[in-house]
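Engineer: kindly return the folded structure for what I paste below:
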Amino acid sequence: MGAGPVPEILHIGLSILASGVRFKLLPSLSFMAPILHRAINVLRWGEHRGGMFVSIEGTTTDGAAVTRSWHLLAEGDDGPLIPSMAIEAIIRRCLDGEPPAAGAKSAVKELELEDYVTLFGRRAIFTGSRELGVDLSNPPLYERTLGSAWRQLPRKIRDTHSVVSTLTAEGQADVDRGVNLLSRIIGWLFKFPQPGRNLPVKVQFNSEGRRETWVRHFGTRSFSSRQTEGAGRSDKLVEEKFGAFTFGLALVASQERLSFVVRRSKFLGLPMLMAWAPFGNCFEFVADGRFNFHIEIFVPLVGLIVRYRGLLVPIVENH
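Structural biologist: Purely as a prediction, here's the structure:
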């Protein structure tokens, strides 16, 4: 089991301060609450994200080793609200005629995960599960990464990412670009498309071994990236490489969409501070029975680099 806030330096700082109480150097940290609250709201750098996971290891009835895990990711300022949600969940049960039984006892069965689903749905709080130990040698990259959470995704999204060898899709997109000088330079270096409306789009997904290459064509311009499974500190992430830059992406699956969250970044293989990492709302969804995408990339202190959104329809099936 593990939990912690992001930026990581916040987690480290809280651990150091807590050690002062643990070793009786300080009686309490309550006197620092106003100072820390002020600091985190004034010095708003890095990501505002928290998360936790619960992992269980065991064996199946036939003796095969298996690991099952449940994950939670909370964006923005919604994470600190989770502990108080138990109160609302209990009150809702009481209103439904299911009050908790009186007396001192274990509260394990008083609330179930289903009691939180509606409460999480009102916030930027996402959950998912993963199962390892099954044969993951043949499924495509995203299915291997998501594990059992893969099945939560809409069929059109799964079809698009079920690349056996080659998949080509066409469609159209709207593109916006940042207008300041630094934004234009970064956009030029990464060969991002020029702004426009209803631009013709073609994307070629090529699977080679355990990696995929995506070649995106917007009008007359194109750019590409290579995606592989992460390892080490990027374990369970998809690493996407653009030239000298590599970004570790967390895949967040739900019944409505597949979201991408930047969790690691490297330049020439060396880790970069997350405070400098790109960010933005990036997700795929299904509308009118068709695969849609929404990708936006911002860079701290620079602003918008590129935003493109549109739809794709497969024209050459996997082979």
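Engineer: which SS class is Ser183?
Structural biologist: Per DSSP: H, G, I helix; E, B strand; the rest coil, the secondary structure class of Ser183 is helix.
Engineer: surely it touches Ile305?
Structural biologist: Yes: using CB atoms under 8 Å, Ser183 makes contact with Ile305 at a distance of 5.4 Å. Just so you know, the C-beta spots here come from the backbone N, C-alpha and C atoms, and that holds for glycine as well.
Engineer: more neighbours: those two, which one.
Structural biologist: Ile305 (23 against 20; other CB atoms under 10 Å).
Engineer: wait, is that one part of a strand?
Structural biologist: Yes: using three-state DSSP, the assignment for Ile305 is a strand.
Engineer: residue contacts, it?
Structural biologist: Arg177, Gly178, Ser183, Ile186, Gly187, Phe190, Phe192, Pro278, Ile297, Phe298, Val299 (CB atoms under 8 Å, 6 or more residues apart in numbering).
Engineer: quick one: secondary structure of the closest residue to Ile40 other than its chain neighbours?
Structural biologist: Spatial nearest neighbour of Ile40, excluding adjacent residues (CB to CB, 6 or more residues apart in numbering): Leu10 at 7.3 Å. Under three-state DSSP, Leu10 falls in the helix class.
Engineer: next: Glu110.
Structural biologist: Under three-state DSSP, Glu110 comes out as coil.
Engineer: quick check: it touching Cys94?
Structural biologist: No: in this structure Glu110 lies outside contact range of Cys94 using CB under 8 Å: 11.1 Å.
Engineer: the two - which one has more neighbours?
Structural biologist: Shown here are Glu110 and Cys94; by other CB under 10 Å, Glu110 has more neighbours (16 against 11).
Engineer: how about that one, phi and psi?
Structural biologist: With angles defined as degrees, to the nearest 10, Glu110 sits at phi -70, psi -30.
Engineer: find the nearest non-adjacent residue to it, please.
Structural biologist: Glu110's closest residue in space is Pro100 (CB to CB, 6+ apart), at 5.1 Å.
Engineer: again, but for Arg158
Structural biologist: Trp150 (6.8 Å).
Engineer: and if you look at Met32?
Structural biologist: Sequence neighbours aside, Leu17 is the residue nearest to Met32 in space, at 7.1 Å (criterion: CB to CB, 6+ apart).
Engineer: OK, contacts around that neighbour?
Structural biologist: By CB under 8 Å, 6+ apart, the neighbours of Leu17 are Leu26, Leu29, Met32.
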